[in-house]
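Undergrad: I'd like to go over a predicted model; first the sequence, then the structure.
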Amino acid sequence: MAQVKICGLTRPDHLAAAVDAGAAFVGFVFFEKSPRHVSPEIAAELAAEVPVGVARVGLFVDPDDATLDATLARVPLDLLQLHGSETPARVAEIKARHGLPVMKAVGVAGPEDLEALWDYGLVADLLLVDAKPPRQAALPGGNGLAFDWRLLVGRKWLTPWMLAGGLTPENVAEAVRLTGARIVDVSSGVEAAPGQKDPDRIRAFLAAAG
Ligand SMILES: O=C(O)c1ccccc1N[C@@H]1O[C@H](COP(=O)(O)O)[C@@H](O)[C@H]1O
């Protein structure tokens, strides 16, 4: 049904579980406040284990160029995920400066939030349609919260997009059925505790999505 991105991988055995079960994208979080944060050194070791054909995604939150330069000098990444308040102009700048495709996350809570997807679609290679984090949330994503998927029914964008936010092995098939998403992204929903991936849940998610 849908391709899968497993985000927030921190260990080789969890990475292997995702790849062996058929993940098309694997994500490494370069955001220090996240329980899934990895250093460039650890990410480089993990990235080296990823087979050709599986995209290595680096997740950043409002990164400056020095952070991107330092990370990319060590870690071979195929796609940059921007999960902060980056403007369309900044997305375009990062894409041009670093020469990698860029995916921009857009938080959705209501229909008014969908407008931004058109603006970002003009500059990003991929859109990530995620739940908007609640005001008091410590993280701008990875909170395990879903939004009302019915908001996406009948919507089409010219730019390829992924669905994220509170997806789990239990709900992903319904999310794909309702939204028509061709790619889905999960972090919390395949964890035993924040930052601790559960290989059984990774396998269950891939079986349910694909
Ligand atoms: O996973 C994180 O720690 C994270 C930190 C900062 C920004 C985004 C983060 N994760 C991304 O959020 C969405 C939804 O995650 P979840 O499945 O609801 O936990 C997903 O794209 C993650 O890549």
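TA: In hand now; what should we look at?
Undergrad: and the helices in the protein, which stretches?
TA: In order along the chain, the chain carries the following helices (DSSP state H): 12-20, 40-47, 65-74, 88-98, 115-121, 172-179, 199-209.
Undergrad: got the buried residues for stretch 152-171?
TA: Using 16 or more other C-beta atoms under 10 Å as the burial criterion, the residues of stretch 152-171 that qualify are 152, 159, 161-169. C-beta: built from backbone N, CA, C; applies to glycine.
Undergrad: actually, stretch 172-182.
TA: Of the residues in stretch 172-182, those with enough neighbours to count as buried (16+ other C-beta under 10 Å) are 172-173, 175-176, 179, 181.
Undergrad: closest to the ligand among the residues you listed?
TA: Of all the buried residues of stretch 172-182, residue 172 has the smallest distance to the ligand: 10.2 Å, by C-beta to the nearest ligand atom.
Undergrad: what sits against that closest one?
TA: 2, 184, 186, 189, 205, 208-209 (C-beta atoms under 8 Å, 6 or more residues apart in numbering).
Undergrad: right, and the helices of the chain - which one's nearest residue 136?
TA: Comparing those by their distance to residue 136 (C-beta to C-beta), the top pick is helix 115-121, with 21.8 Å.
Undergrad: so how far is the closest one off the chain centroid?
TA: Here the centre of helix 115-121 is set off from its chain's centre by 17 Å, with C-alpha atoms, centre = their mean, to the nearest Å.
Undergrad: please renumber the chain so that the first residue is 486 from this point on.
TA: Sure, I'll start counting at 486 from here, so that last one is helix 600-606.
Undergrad: same question for that helix, mean pLDDT?
TA: Predicted confidence along helix 600-606 averages 96 (mean pLDDT).
Undergrad: so what secondary structure elements neighbour that helix?
TA: Helices and strands in packing contact with helix 600-606 are listed as helix 573-583, strand 587-593, strand 611-616; criterion 3 or more C-beta pairs under 8 Å, 6 or more residues apart in numbering; DSSP states H and E.
Undergrad: just the C-alphas of it, formatted as CSV.
TA: These are the backbone C-alpha positions of helix 600-606, laid out as CSV (Å, rounded to 0.1, in the frame of the first residue of the first chain):
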residue,chain,number,x,y,z
GLU,A,600,-2.5,26.4,2.6
ALA,A,601,1.2,26.4,3.6
LEU,A,602,1.6,23.1,1.7
TRP,A,603,1.3,25.0,-1.5
ASP,A,604,3.9,27.5,-0.6
TYR,A,605,6.4,24.9,0.5
GLY,A,606,5.5,22.6,-2.4
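Undergrad: noted, bye for now.
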